[in-house]
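>>> sequence first, predicted coordinates after that:
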Amino acid sequence: MRRIAAVTIALLAATPLAAQTVAPPKVRFIHAGTLLAKPGEAPRGPSTIVVRDGKVAEIRDGFVAPEGGAELIDLKDRFVMPGLVDMHVHLWGIGGDPLRDRLTALNRDDADDMMHAVANARVTLEAGFTTVRDLGGSARGMRALREGVERGDIAGPTIINAGNSISVSGGHADGTNGVAEVFADAIHKHQINTCDGPEDCTRAVRQQIALGAQVIKYMSTGGVLSNVSGGLGRAMTDAEMKAIIDTSHGLGRKVATHSHAAAGTKAAVAAGVDTVDHGSFLDDETIAMMKKNGTWLVPTMMAPAAALEQARKGLLPPAVIPKAEEAAAAAFASHSKAYAAGVKVAFGTDSGVSRHGDNAQEFSMMVKAGMTPAMALKTATLNAAEALGRADSIGSIAPGKHADIIAVTGSPLDDIKRMEQVEFVMRQGVVHKAGGKRQAFPAQ
């Protein structure tokens, strides 16, 4: 026995002090006046959420006194619910100000766009969005931003990043569209996200994954904001889409497609895409295919409305105007029809087209198109978590899940616009906003 004790003492003496000291768990008791723990179900009355080391430990009825050393967060007069998920954002660079973006394009480096992305991430988090899927930005830069948030170096939502969107030459994500020859040649030398033919598209997917992409996004059709008058029609062949989707799935990545025209959406659904983002033109056949295949629709209803307003003000190139008018006119009717038919829907905004931090305005548009407030809230919580494949960690407030928790004044089930004024934000146990005010970071 003495020998064992001597060996233990010797080992402790050789171990750095930091390794010998175990910090006590950070414990917080949240008193919630009304708690929507699982969107889609009825909210519960006064409740206590116990948070330990960034995760929900338990939920108790009533207002339970905190244990010794625990912090009390008083939200007795607030409506408390899970942190929100936005399935389609663009954090990289200047967002929501297309004229400024165009005027400064030749003067900005990636380092400048990273600084904008850091600010955009924090504003998005403070709007109540604790998780986002970023569908197009610098592959290296977004990977670094994601990891910076994960380390706790910067404040932002959990990021599932796509890197650069994959496009055919002349397609929506070809950076040479509408660019003068001398600049187009320079862009071509560095651009690896364009592909032509199935083998080339396989290569493009693999390169984005090598650069840290956690999800793959590709362009089934033309796009509103492309500075090329190519319309919104189908852009890729069946073989190209299948190569992108099969390669991505083989490497463990889900696939999102930017798609407007019904022909592009049908082809993407047939090829096995996971989410259709935008889906501006959905006919009955397309809707039936999406239901049969279990394909998610990410409507982004804010995007065409924002693009149309910007185009009419002269903030976007002339080629954008007819496409913005066409998409805005069709999207509302298409999405209303999809909701009524029971297509699976996950919340997304395409923020970056619109301003970051305004994400919750999408809720009102979804309700106007036929959803109840309860259904709309579910799209940004449980539905989005399922679509991401992360329902085990986010989407509801339950023991074992991340303590991603927000609060608003009054019930959004009565007035969905209340989601546009989030008062409290906690991500993985860290409070980023309280009483409607930004909290110092890092401070906890």
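Done, it's in.
>>> show me what the helix ranked longest in the chain is packed against.
Using DSSP state H to define each element, the chain has its longest helix at helix 320-341. The helices and strands touching helix 320-341, judged by 3 or more Cβ pairs under 8 Å, 6 or more residues apart in numbering; DSSP states H and E, are helix 284-293, helix 302-312, helix 361-368. Glycine gets a C-beta too; all of them are placed from N, C-alpha and C.
>>> format the ones you listed as CSV; extra columns: mean neighbour count, distance to residue 47 and mean pLDDT.
Shown next, in CSV, are the helices and strands packed on helix 320-341 (neighbours: other Cβ atoms under 10 Å; distance: least, Cβ to Cβ, whole Å; pLDDT from 0 to 100):
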stretch, mean neighbour count, distance to residue 47, mean pLDDT
helix 284-293, 17, 36, 97
helix 302-312, 21, 32, 83
helix 361-368, 21, 24, 97
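>>> residue 271: which of these is closest?
Proximity to residue 271 (Cβ to Cβ) singles out helix 284-293 among the helices and strands packed on helix 320-341, at 9.9 Å.
>>> can I have that closest one written out in CSV, keeping just the CAs?
This file holds the C-alpha atoms of helix 284-293, laid out as CSV (Å, rounded to 0.1, in the frame of the first residue of the first chain):
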residue,chain,number,x,y,z
ASP,A,284,-47.4,19.8,-59.0
GLU,A,285,-45.0,17.2,-60.5
THR,A,286,-42.0,18.7,-58.7
ILE,A,287,-43.8,18.9,-55.4
ALA,A,288,-44.9,15.2,-55.7
MET,A,289,-41.3,14.2,-56.4
MET,A,290,-40.0,16.1,-53.4
LYS,A,291,-42.6,14.5,-51.1
LYS,A,292,-41.9,11.0,-52.5
ASN,A,293,-38.1,11.4,-52.0
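>>> my read: residue 384 touches residue 83, true?
No: with contact defined as Cβ atoms under 8 Å, residue 384 does not count as touching residue 83 (10.5 Å).
>>> shared neighbours of these two, anything?
Counting by Cβ atoms under 8 Å, 6 or more residues apart in numbering, the common neighbours of residue 384 and residue 83 are residue 131.
>>> distance check, residue 192 against residue 66.
53 Å (Cβ to Cβ, to the nearest Å).
>>> now the longest helix of the chain: buried residues?
320-321, 323-328, 330-332, 334-339 (16 or more other Cβ atoms under 10 Å).
>>> I'd like the mean pLDDT over it, please.
In this model, helix 320-341 has a mean pLDDT of 86.
>>> try stretch 200-216
Mean pLDDT, computed over stretch 200-216, is 97.
>>> make JSON lines out of the helices and strands packed on helix 320-341 and add distance to residue 276.
Shown next, in JSON lines, are the helices and strands packed on helix 320-341 (distance: least, Cβ to Cβ, whole Å):
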{"stretch": "helix 284-293", "distance to residue 276": "7"}
{"stretch": "helix 302-312", "distance to residue 276": "14"}
{"stretch": "helix 361-368", "distance to residue 276": "16"}
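>>> show me the one of those helices that comes nearest residue 120.
helix 302-312 (15.2 Å).
>>> so what does the closest one touch, helix or strand wise?
Using 3+ Cβ pairs under 8 Å, 6+ apart, helix 302-312 sits against helix 320-341, helix 361-368.
>>> same thing but 6 Å
Helix 302-312 sits against helix 320-341, with contacts defined as 3 or more Cβ pairs under 6 Å, 6 or more residues apart in numbering; DSSP states H and E.
>>> got the angle for the helix it packs on vs helix 284-293?
Angle, helix 320-341 to helix 284-293, by axes from the mean of the first three to the mean of the last three Cα atoms, to 10 degrees: 60 degrees.
>>> and the angle from helix 320-341 to helix 302-312?
160 degrees.
>>> what residues does helix 320-341 touch?
The contact list for helix 320-341 (Cβ atoms under 6 Å, 6 or more residues apart in numbering) reads 224, 232, 260, 280-282, 287, 297, 299, 304-305, 307-308, 311, 369-371.
>>> sorry, back to before: among the helices and strands packed on helix 320-341, which is nearest residue 54?
helix 361-368 (27.0 Å).
>>> can you spell out which helices and strands pack onto the closest one?
helix 373-379.
>>> pLDDT averaged over the helix it packs on - what is it?
Averaged across helix 373-379, the pLDDT comes to 98.
>>> buried stuff in that helix?
373-379.
>>> could you single out the nearest of those residues to residue 27?
residue 377 (28.1 Å).
>>> so what's the closest residue to that closest one other than its chain neighbours up against?
Once flanking residues are discounted, residue 377 sits nearest to residue 39: 4.7 Å by Cβ to Cβ, 6 or more residues apart in numbering. Residues near residue 39 by Cβ under 6 Å, 6+ apart: 377-378, 381-382.
>>> hmm, back to that, go through the buried residues of helix 373-379 and name the one nearest residue 442.
Using Cβ to Cβ, residue 377 comes nearest to residue 442 of the buried residues of helix 373-379, at 29.9 Å.
>>> that closest one and residue 41, how far apart?
Counting by Cβ to Cβ - residue 377 and residue 41 are separated by 11 Å.
>>> measure residue 66 to residue 195 for me?
Distance from residue 66 to residue 195, by Cβ to Cβ: 56 Å.
>>> these two - which one has more neighbours?
Higher neighbour count among residue 66 and residue 195: residue 195, with 24 against 16, using other Cβ atoms under 10 Å.
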